[in-house]
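**Q** Let's see this in three dimensions:
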Amino acid sequence: MRTSRPARAFALATAIAAGFLAGPLAAASSATTAPLTFTASPSGNGTVCSAASPCSLQTAQQMVRQATSTAQSDIAVVLLGGTYRLTSTLSFDASKGDSAPAGHTVTYEAAPGAHPVISGGEQVTGWTQTTGGIWQANVPAGTDTRQLYVDGVRANRASGSVPVGLTQTATGYTASATTLAGWGNISNVEFVYNASWTQMRCGIASVSGTTVTMQEPCFQNVTLKQYGINAGTPSYIENAKELLTQPGQFYLNQSSHTIYYMPRAGQNPATADVEIPNLQTLVSGTGTEANPLTGLAFAGISFEYGGWTAPDGTDGFAEVQANMHLTGSGAYANQGTCTRFSTTNPGTCPYGAWTMTPGNVVFDHTSGLTITGSTFEHLGAAGLQLGQDADGSTIQGNEFTDISANGMEIGNGTDADPTDVALLPANNTIADNWVHNVAVEYTGGVGIFQGYTRNDVIEHNQINNVPYSGISSNWGWGRTATEATGNKILDNLVFDFLQQRIDGGGIYVLGIEGSSIASGLTISGNVVRYAAGAVGHAIYTDGGSEYITMTGNAMYGNNIPSMGGSYEGAGTPYGDFVFTGNYAENTTPDWPAGSPTNATISNNTQVSSDGTGVPASLLANAGLEPQYASLAAAPAGVAPVNLALGKPAQAQYIDGSTAQLQPGDQVSYATDGNPATAVQATGQFRWQLVVDLQQSTTLGSMTVSMPQAAFGTAFHVDASTDGSTWTTVGTVTNSGWGTIPVVFSSPLTTRYLRIVADLPNNGGQVGGQMAITEIGAYAPTATQPDLALNKPAQALFINGTQAQMQANSLPSYADDGNTSTYSQAAQQYRWIQQIDLQQPQSINVITLLQPTGTYTAYATAFHVDVSLDGSDYYTVARRTDAMGGITGIQLDSPVTARYIRVVADRPDDGGQTGGQMAISELSAYSQ
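**A** Alright, predicted model coming up:
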C-alpha cells in the first residue's frame, strides 16, 4: 500500500470539508448542535461506537439509521485505519434511514491521519511453490475472479500468442493444428480481439480436433454487429495454464479450486498480501424520485478490490464503444440500433442503448452526494457510477486508478429522451480528480464517461495514461433525440491518451447537446496533449454532435488533428459549432466524412508541438487546482547539496585566454542555480568553463547541464588542486542536451573543475555552440552513484504484459553497466523499460543511453514515470526530440521512488526516425 496516501488523502478531505464549511449548508449546521459522532474500526465490536470503544462499520451504520429521524445536526462516522472487509455490499437506502437530517450531512470519513479501506477482497493464503517458478494456493469452491493482486500490484491473467493458425467459420474457427484440443479447461479460455477503438473478448465453448467452437451469443455479437468494428482473428489468447510462462501472470483453475501465480522478481507469495475480489458492488446508495438518498458524504476512504465476472459468461465482452457492449441473443442485429438499419424491422431504441459496464461503487436517486479525498483502485469493473436521478453530487479531490473499465461513469447511454427528465443525472460537479491508469483490462474504456446528463460540470480534473479517450461526453450519434443540456467541460488537463486504442480523443463528444448553442455543451480552458495513437482528434466532435462551443483550449504534441470529427450521414444533424479562441497545432479542423453545418471556426491561434505560443495562464489553470495539486505529485525526495552553487567561474578559450560571451550572458549563470540562464562563449566553438570551489573539496560526481538550443555532444572534465596542473577525470561522448552526470571512478579531492567542449568543434554539427546552464558538484555518496545499476529490470508492452525481446537482448541489459548491450522489445514499437530500485530512493537526475552508430535504435519521444509501490505511477519527465545517445533529465524537483520506467511514445510504427527503441543504459542519480 502506498505509504504516502493516508496523510495526503486526509489532508485533501480536510481541505475540501473546510471549503464546504464556507457554504450555506455549513451556515445552517453551525446554528444547531455539534455533530453526532460514531467511531468504527475494522476490529470493532459492541454498540458503543466511541473513540475509546469503536464498533463495526455495519453497527455504526445502524446507529446512524436510528439517529437520523430525530437528529438536529450533522452526523459523522469516523473510520479508524485498517481494512474493512465486506462479505456483502455496504448498502445505503433512503427508506432505511441512511439520508441525513434535513439541512445536514451524514459523513463517513477517515480519522485524522488514518487510511481506512473498504474492501471487497479476500486474501489468498497457503501458497506453496511448484515447478517452473510457479506457486499455487487453494481457494474456496465456486471462486471466480478475473483479477489477482500481489502487495497491491495487479497481476496479469496468463496470456500469449495464439499457438495455431485460425480460419474463421460461422461458429468459430478451424485451427491449423490440434494444439488447443490438448489444453485443459478449454471452456475457460478466452480470445481477445484488439480492433480499432474497441477490445472484445469471447470465450471458447469447445475444441474438437481442429474445430474451435466459440461461446454464443458472444461470437455472433462480436463478428456480425451492424455498427462499429467486428472481430476477426484474435489478437491473443488468455486464461489457460498452458500460457502461464511469464512473471506476473496468474491462472485460476475453477474445477480444482486452485490458483497459480508466477511471481515477479522480489515477490514471495508465501509472505505477500495476495488479494482477489469477492464482491462486485462494494458500496451502493439508492432512494426513489420522491424520496432520494440525501446528504450522504464520504471523505478520505479507499474503495478497493471489487470484481466483475460477467465477461466470463456466454455474453463475453462484445464491446461497441467506451465499454458499452452487446448482450443477449441476436443483439448484433437489433440491440440499440433503433431505425438506423431498418425502419420496417427496427431494433431497440434509443440508438446506442447497449449494456453499460457496472460500477464497483454505485449511486442512483441521490441528492447532494459528496465523495472527497478518497481513492478508487484495484477494481474489476468501472470505478464509480452515478446512475439515474443523481442530482447535485460533488465528486472532488479523489484518485481513480488501477480500474479494469471506465474510471468514472455519470449517466448512461439509454435515457436519451425519458418521459421523466428527472431520471437524468443533473447539477453534478466532477472536479479536481486524478484519473489515471484506468481501463486496464477493457482497454476501449475511458477516464470519465458522461452519458445523458443535464447541467453537469466536469472541471479541473487530470486524466492521463488512458488506453482510449480521456473524457467522453454524450451518446446517440445524432440519431437519438436527447434531453441532455447545459453541460460543461472546463479547465481539465488530459495527456497520454490513446495509449492502446485509436479513433478517440482527449475530449470526445457524441450526439446532440441541448437545443441551441446557448444550451449546448461548452468545452473551454482544457489542455489536451501527447496523444499516443495515430488516429483521432485532440478534441473530437464525432458522429451527430451538435450545439458545441469550444473556446480557449490548448491542443499540442498530439500527432493527430487538433479539432474535427465525423459526420454520421443519412440525414443526421452535425454542426452548430463555435470553435474560437483556441490554441492548436492545427487550426483547420479535420472533417473526414463531410463538413458540419453552421460552424464558426475563427480566431484560433497556431502553436508549436511543444506548446510554445500557449498562454502560460492557460497552462497553469488547467488540471488540478493548487489545493489539490499534491494528489498527482510524486512523493518528494531530498535535494542533494550542490557544492558548486554560487561559486566563481571563468569562461576561457582552449588556450586559457578569456572567452568572449554571447550578448547578455554572464559566467555566473553556470553556478547561479537557475536553469533558465546559461553561459555561452562566442567566436570559437571549443571553449572551457573553470569553476573554483574556493577550497579543497572531496567529490564523488558532478553534473553538466546544457540547454536544448545549444549543447556539446562531447566534452571532458579536468580537475586541479592549484588551477595550473590539470588531470582529466571524466569524458562524455554522444551526449544530448539536458543534465549529464559525470561519475568519478573514485572520490576526488580538488578545488577547480574545468569543463572542456570537444564537440561540436565546427559549424553545422549537431548540438551547435555549447552552452552551460548549470554545473553541479556533489560529495561522494554511501551507495553506488547510479541507483539503477544491476537492479531487477522488466520489459513490458504498453498493456503491462511481459514484452517479447529482440534476439540477443534482455531487459537486464538496460542497467548492467555495459554500454554495448541493450534492452529492446520486439513486435510492438511502444513498450516500457522498468527498473526496480528495490527500496525507495531519492532521485533527481535520470539518464537514458540509446544506441546510435552501427546499430541505431532510439525513441524520438518518451516519458519517464516513477512509483513507490509498482501500481501508482507519476509522470516526472518527458522528451519529444531525442536523437539517441545520452539524454540527461534533471527533474523539476527530487522525487522518492522505488520503480522507474521509460515509456516509448515515438516511434510508434515502422519507417519513422529512430526506429524501435533500444536502451543501452537507464540510470538514476541523487544529484
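**Q** Tell me where the protein has helices.
**A** 5-20, 24-30, 57-67, 218-223, 331-334, 616-621 (DSSP state H).
**Q** mind checking how far the last one is from the chain centre?
**A** Read that as helix 616-621. 22 Å (Cα atoms, centre = their mean, to the nearest Å).
**Q** which residues touch it?
**A** Contacting residues not belonging to helix 616-621 are listed as 491, 525, 527, 552, 554, 583, 611 [Cβ atoms under 8 Å, 6 or more residues apart in numbering]. Every C-beta, even on glycine, is put in place using the N, C-alpha and C of the backbone.
**Q** From Thr880, how far out is Gly767?
**A** 17 Å (Cβ to Cβ, to the nearest Å).
**Q** if I pick Thr721, what's in contact with it?
**A** Applying Cβ under 8 Å, 6+ apart, we find Thr721 in contact with 696, 749-752.
**Q** for the record, mean pLDDT for stretch 329-340?
**A** Across stretch 329-340, pLDDT averages out at 94.
**Q** which sections of this structure are below the confidence cut-off?
**A** Along the chain, segments meeting pLDDT under 70 span 1-32.
**Q** Which residues does the closest residue to Tyr305 other than its chain neighbours form beta bridges with?
**A** When the adjacent residues along the chain are set aside, Tyr305 lies closest to Gly121, with 3.0 Å between them (Cβ to Cβ, 6 or more residues apart in numbering). Beta-bridge pairing of Gly121 under DSSP bridges involves Pro277.
**Q** Pull the contacting residues for Gly121.
**A** Contacts of Gly121 by Cβ under 8 Å, 6+ apart are 85, 149, 275-278, 304-305, 378.
**Q** Same check on His436?
**A** By Cβ under 8 Å, 6+ apart, the contact set of His436 is 399-401, 447, 462-466, 632, 873.
**Q** just Ser562 next, same as before
**A** 537-539, 555-556, 582, 584-587, 589.
**Q** Over to Gly120?
**A** Contacts of Gly120 (Cβ under 8 Å, 6+ apart): 86, 277-280, 282, 304-307, 360.
**Q** Recalculate using a threshold of 10 Å.
**A** 85-90, 275-283, 303-307, 360, 378-380 (Cβ atoms under 10 Å, 6 or more residues apart in numbering).
**Q** Check Ile548 too.
**A** Contact analysis of Ile548 by Cβ under 10 Å, 6+ apart lists 473-474, 489, 509, 512-514, 517, 520-523, 539, 541, 565, 575-579, 596, 599.
**Q** rerun that using 8 Å as the cut-off
**A** 509, 513, 520-523, 541, 576-578.
**Q** a markdown table for those, including neighbour count and distance to Arg65?
**A** A markdown table is the format used below for the contacts of Ile548 (neighbours: other Cβ atoms under 10 Å; distance: Cβ to Cβ, whole Å):
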| residue | neighbour count | distance to Arg65 |
| --- | --- | --- |
| Val509 | 29 | 42 |
| Glu513 | 27 | 40 |
| Gly520 | 23 | 43 |
| Leu521 | 27 | 40 |
| Thr522 | 21 | 41 |
| Ile523 | 28 | 43 |
| Thr541 | 31 | 47 |
| Asp576 | 22 | 49 |
| Phe577 | 24 | 50 |
| Val578 | 18 | 50 |
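**Q** Can you say which of the contacts of Gly121 are buried?
**A** Among these, those classed as buried by neighbour count (16 or more other Cβ atoms under 10 Å) are 85, 149, 275-278, 304-305, 378.
**Q** Now tabulate those in JSON lines and tack on distance to Ser187.
**A** Output for those, formatted as JSON lines (distance: Cβ to Cβ, whole Å):
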{"residue": "Arg85", "distance to Ser187": "31"}
{"residue": "Tyr149", "distance to Ser187": "25"}
{"residue": "Glu275", "distance to Ser187": "26"}
{"residue": "Ile276", "distance to Ser187": "20"}
{"residue": "Pro277", "distance to Ser187": "22"}
{"residue": "Asn278", "distance to Ser187": "22"}
{"residue": "Glu304", "distance to Ser187": "30"}
{"residue": "Tyr305", "distance to Ser187": "26"}
{"residue": "His378", "distance to Ser187": "28"}
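**Q** Can you tell me which of those is nearest Glu216?
**A** Within the buried ones among the contacts of Gly121, proximity to Glu216 (Cβ to Cβ) peaks at Pro277, which comes in at 27.2 Å.
**Q** about what we covered before: tell me the one of the contacts of helix 616-621 nearest Pro907?
**A** Pro907 has its nearest neighbour among the contacts of helix 616-621 in Gly611, at 21.3 Å by Cβ to Cβ.
**Q** Leaving out sequence neighbours, find the closest residue to that closest one.
**A** Once flanking residues are discounted, Gly611 sits nearest to Tyr556: 4.8 Å by Cβ to Cβ, 6+ apart.
**Q** repeat for Ala265
**A** Spatial nearest neighbour of Ala265, excluding adjacent residues (Cβ to Cβ, 6+ apart): Pro792 at 4.0 Å.
**Q** That neighbour against Asp816, yeah?
**A** No - using Cβ atoms under 8 Å, Pro792 makes no contact with Asp816, being 11.7 Å away.
**Q** Tell me how many other residues crowd the residue nearest to Ala265.
**A** 17 (other Cβ atoms under 10 Å).
**Q** just Ala177 next, same as before
**A** By the criterion of other Cβ under 10 Å, Ala177 has 12 neighbours.
**Q** what do you get for Ala779?
**A** Neighbours of Ala779 under the rule other Cβ under 10 Å: 14.
**Q** Tell me who's in contact with it.
**A** Applying Cβ under 8 Å, 6+ apart, one finds that Ala779 lies in contact with 641, 643, 697-700.
**Q** Generate a ChimeraX selection restricted to the buried subset of these.
**A** One line in ChimeraX is enough to select the buried ones among those; burial here means 16+ other Cβ under 10 Å:
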select :643,697,699,700
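**Q** between the contacts of Ala779, which is nearest Trp354?
**A** Ranked by distance to Trp354 (Cβ to Cβ), the contacts of Ala779 are led by Val641 at 59.5 Å.
**Q** So that closest one is in contact with Tyr778, correct?
**A** Yes - shown here, Val641 and Tyr778 form a contact pair, counting by Cβ under 8 Å, at 7.2 Å.
**Q** Using PDB, list the CA coordinates for stretch 340-349.
**A** Output in PDB follows, covering the C-alpha atoms of stretch 340-349 (Å, rounded to 0.1, in the frame of the first residue of the first chain):
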ATOM      1  CA  ARG A 340     -30.700   3.100 -38.400                       C
ATOM      2  CA  PHE A 341     -30.600  -0.100 -40.400                       C
ATOM      3  CA  SER A 342     -34.300  -0.900 -40.800                       C
ATOM      4  CA  THR A 343     -37.500   1.100 -40.400                       C
ATOM      5  CA  THR A 344     -39.600  -2.000 -41.100                       C
ATOM      6  CA  ASN A 345     -37.900  -4.100 -38.600                       C
ATOM      7  CA  PRO A 346     -36.300  -1.600 -36.200                       C
ATOM      8  CA  GLY A 347     -34.100  -2.600 -33.300                       C
ATOM      9  CA  THR A 348     -34.300  -1.500 -29.700                       C
ATOM     10  CA  CYS A 349     -34.300   2.300 -29.100                       C
END
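**Q** what residues does that stretch touch?
**A** Contacts with stretch 340-349, where a contact means Cβ under 8 Å, 6+ apart, come from 226-227, 333-339, 351, 479-480, 570.
**Q** Ok, stretch 579-594 next?
**A** So stretch 579-594 is in contact with 537-538, 550-558, 561-569, 574, 599-609, 613-615, 618, going by Cβ under 8 Å, 6+ apart.
**Q** No further queries at this time; thank you.
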